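K.L.:
Show me the folded form of this:
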Amino acid sequence: MAAQTVYQTERGVNLVLRILYFFFFGLWFSAIWASIAWVLSVTILGLPLGLWMLNRLPQVTTLRPQRSNLVVAENGSIYHTDVKQRPFLIRALWFLLIGWWFSALWLAAAWALCTVIIGMPIGFLMFDRVPAVITLARS
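P.N.:
Below you'll find the predicted structure:
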């Protein structure tokens with residue numbers, strides 16, 4: 001039997017509370033959070049903090065818990081693992097040529113979709129994909 005990857009999500013806040021949070025706080029606060037994160041991401045010194053903030057954007061917007069990858073080995077041991085990323089040079093070139101400006105458009109479109117009930121599912125999916133848009137990060 002080969003090692004098996006399991007995706008674990010911590011138990012989050014109840015759905016009704018998440019909906020109330022989104023409408024009263026998450027919608028406007030996520031716009032501020034995303035703006036600050038994007039500005040930090042386009043600076044060399046702020047890049048690590050900006051990417052950390054962008055990775056937590058779904059949690060800031062809707063209190064959605066973070067997901068982690070767990071691997072169950074043949075002997076029954078469980079350990080955390082990271083997804084294999086593309087080569088650094090490719091990710092850096094993407095960021096310099098496309099990621100920094102395209103991510104601003106992506107964030108604006110995602111936030112705009114979240115302001116309309118029918119667009120929320122697409123907007124939330126777009127928020128989840130921000131790290132991939134800005135640096136080709138795999139999750």
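
K.L.:
For the residue nearest the centre of the chain, list the residues it contacts.
P.N.:
Centroid-nearest residue in the chain, with C-alpha atoms, centre = their mean: N55, separated by 3.5 Å. Applying C-beta atoms under 8 Å, 6 or more residues apart in numbering to N55 gives the contacts P131. C-beta coordinates here come from the backbone N, C-alpha and C atoms, glycine included.

K.L.:
And the pLDDT at it?
P.N.:
What the model reports as pLDDT for N55 is 83.

K.L.:
again, but for the one 10 residues further on
P.N.:
Per-residue confidence (pLDDT) for P65: 78.

K.L.:
And what about it, helix, strand or coil?
P.N.:
Using DSSP: H, G, I helix; E, B strand; the rest coil, the structure places P65 in coil.

K.L.:
likewise the one 10 residues further on?
P.N.:
Assigned state for N75: coil (three-state reduction, three-state DSSP).

K.L.:
any idea how far the residue lying closest to G26 once chain neighbours are set aside is from L20?
P.N.:
Nearest non-adjacent residue to G26, counting by C-beta to C-beta, 6 or more residues apart in numbering: T61, 4.7 Å away. Going from T61 to L20 by C-beta to C-beta, to the nearest Å gives 13 Å.

K.L.:
who's more crowded, those two?
P.N.:
Taking neighbours as other C-beta atoms under 10 Å, T61 and L20 compare with T61 leading, 26 against 14.
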